[in-house]
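Q: need coordinates for the following:
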Amino acid sequence: MRIGQYEFKNRIFLAPMAGITDQPFRRLCSQLGAGLTFSEMMSTNPDVWHTEKSKLRLAHHQEIGINAVQIAGADPIEMAEAAKVNVSYGAEIIDINMGCPAKKVNKKMAGSALLREPDLVADILQTVVNAVDVPVTLKIRTGWDLENRNCVEIAQIAEQSGIQTLTLHGRTRSCLFNGEAEYESIKAVKNAVSIPIIANGDITSAEKAKFVLDYTGADAVMIGRGAYGRPWIFKEVNDFLENGYYTTLATEEKCRLMLRHIQDLHQFYGEEKGYRIARKHVSWYVENLMPNSTFKRAFNALESAKAQLDALEDFVEDLLD
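A: Here you go, the predicted structure:
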């Protein structure tokens, strides 16, 4: 799998997710087999480019590999400027978000709202591609709603505009994350263009990843929510695609990875912010390790990094016993 001049170790990628794909999580997923990871979505509003929050979102580490940064906005010139700023900060791939279904993003005509404006899509893509010397990729949904699926048209515009790779989440904006992903639409896009296509949506197991690749003909899969509390899914998928089978990590190893991730969050954000961000990740880990546990509620009441780590060590000890 290649994007521009970059070749990746496999075709299993981590999706860009606001509030999730920070440096600690991307680093962990990379170590566990993700071939490429994307940063959290960055606004094209120049007022936020140099804030502490933006710096944390853009923080990279050499162990992560290629530095792919996603940007979102609706103005072609602002998008181009944001792309150039991020390249100056070290971005090696610029990904354009035209798939986010969030109301606060769509109200600004950004994200998946742009799918209703093919001419504007073309203007944005061409302007950004011409502004930077790194590969530019695009992430979209199948359309605005079920009556207006236009992913094939948008994919053809993307190819003509110089976009190097297209990621397609198999839902319309109106579907949000409900129902099942439309793999038929991904297959149609793959057959309509020659640029690499990355399939996204409902990829929650190694078996599902193989099915999606086989059915759609996509060049890669992108995993988002399927990695919540399960960063080892990348190892499972990679092993399954290479060998036809995989072995789930032992519970003890999963616990070790959880503890390391939470420690990294505390260190990366600092104690005051880190323990708050750790809560959602621990909730997902615990749901995978011990479904329906009451531990999550007690953990969310803790208000220091040390208290969190002490509680997690007790949880792990009880779980392994």
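Q: past the lowest-mean-pLDDT helix or strand in the chain, which element shows up next along the chain?
A: One helix or strand of the chain scores below all others by mean pLDDT, DSSP states H and E: helix 52-58, with a mean of 70. Counting by DSSP states H and E, the next helix or strand C-terminal to helix 52-58 is strand 68-72.
Q: tell me the pLDDT at the closest residue to residue 153 other than its chain neighbours?
A: Excluding the flanking residues, the one nearest residue 153 by CB to CB, 6 or more residues apart in numbering is residue 118, at 6.1 Å. Yep, even glycine has a C-beta here, placed from its N, CA and C like the rest. Per-residue confidence (pLDDT) for residue 118: 95.
Q: residue 118 is in contact with residue 157, isn't it?
A: Yes: taking CB atoms under 8 Å as the definition, residue 118 is a contact partner of residue 157 at 6.1 Å.
Q: ok, those two, which is more surrounded?
A: residue 157 (19 against 14; other CB atoms under 10 Å).
Q: in the stretch 101-250 of the chain, which spans are strands?
A: 136-141, 165-169, 197-200, 220-223 (DSSP state E, counting those that start in this stretch).
Q: would you turn those strands into JSON lines with mean neighbour count and mean pLDDT?
A: JSON lines is the format used below for those (neighbours: other CB atoms under 10 Å; pLDDT from 0 to 100):
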{"stretch": "strand 136-141", "mean neighbour count": "26", "mean pLDDT": "97"}
{"stretch": "strand 165-169", "mean neighbour count": "28", "mean pLDDT": "98"}
{"stretch": "strand 197-200", "mean neighbour count": "25", "mean pLDDT": "98"}
{"stretch": "strand 220-223", "mean neighbour count": "26", "mean pLDDT": "98"}
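Q: among the ones you listed, which is nearest residue 298?
A: Closest to residue 298 of the strands of the stretch 101-250 of the chain is strand 220-223 (CB to CB; 29.7 Å).
Q: quick one: strands adjacent to the closest one?
A: Strand pairing for strand 220-223, using DSSP bridges, gives strand 12-14 (parallel), strand 197-200 (parallel).
Q: adding distance to residue 258, write those out as TSV.
A: TSV is the format used below for the strands paired with strand 220-223 (distance: least, CB to CB, whole Å):
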stretch	distance to residue 258
strand 12-14	17
strand 197-200	25
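Q: closest to residue 253 out of these?
A: strand 12-14 (19.3 Å).
Q: after the closest one, which helix or strand is next?
A: Next along the chain after strand 12-14, taking DSSP H and E as the criterion, comes helix 23-31.
Q: from the contact counts, what lies against that next one?
A: strand 12-14, strand 36-37, helix 251-269 (3 or more CB pairs under 8 Å, 6 or more residues apart in numbering; DSSP states H and E).
Q: and the first one, how far from the chain's centre?
A: Put plainly, it is strand 12-14. 8 Å (CA atoms, centre = their mean, to the nearest Å).
Q: other residues contacting that strand?
A: Residues from elsewhere that reach strand 12-14 (CB atoms under 8 Å, 6 or more residues apart in numbering): 21, 26, 29-30, 33-38, 198, 209, 220-224, 227, 234, 237-238, 241.
Q: also the longest one?
A: Helix 251-269 is contacted from outside by 22-25, 27-28, 32, 56, 59, 231-232, 249, 274-275, 277-278, 281-282, 285, 288-289, 305, 308-309, 312-313, 316, 319-320, using CB under 8 Å, 6+ apart.
Q: can you give me the buried ones in the very next helix or strand once past that helix?
A: Note on helix 251-269: by DSSP H and E, the next helix or strand toward the C-terminus is helix 271-289. For helix 271-289, burial by neighbour count (16 or more other CB atoms under 10 Å) applies to 274, 275, 277, 278, 279, 281, 282, 283, 284, 285, 286, 289.
Q: and the next element down the chain from helix 271-289?
A: helix 295-300.
Q: any buried residues in the next helix or strand after that next one, and which?
A: Downstream of helix 295-300, the first helix or strand assigned by DSSP H and E is helix 305-320. Neighbour counts using 16+ other CB under 10 Å place 305, 308, 309, 311, 312, 315, 316, 319 of helix 305-320 among the buried residues.
Q: can you list the weak-confidence ranges in the stretch 51-200 of the chain?
A: 51-54 (pLDDT under 70).
Q: before I go, just wanted to say thanks for your time.
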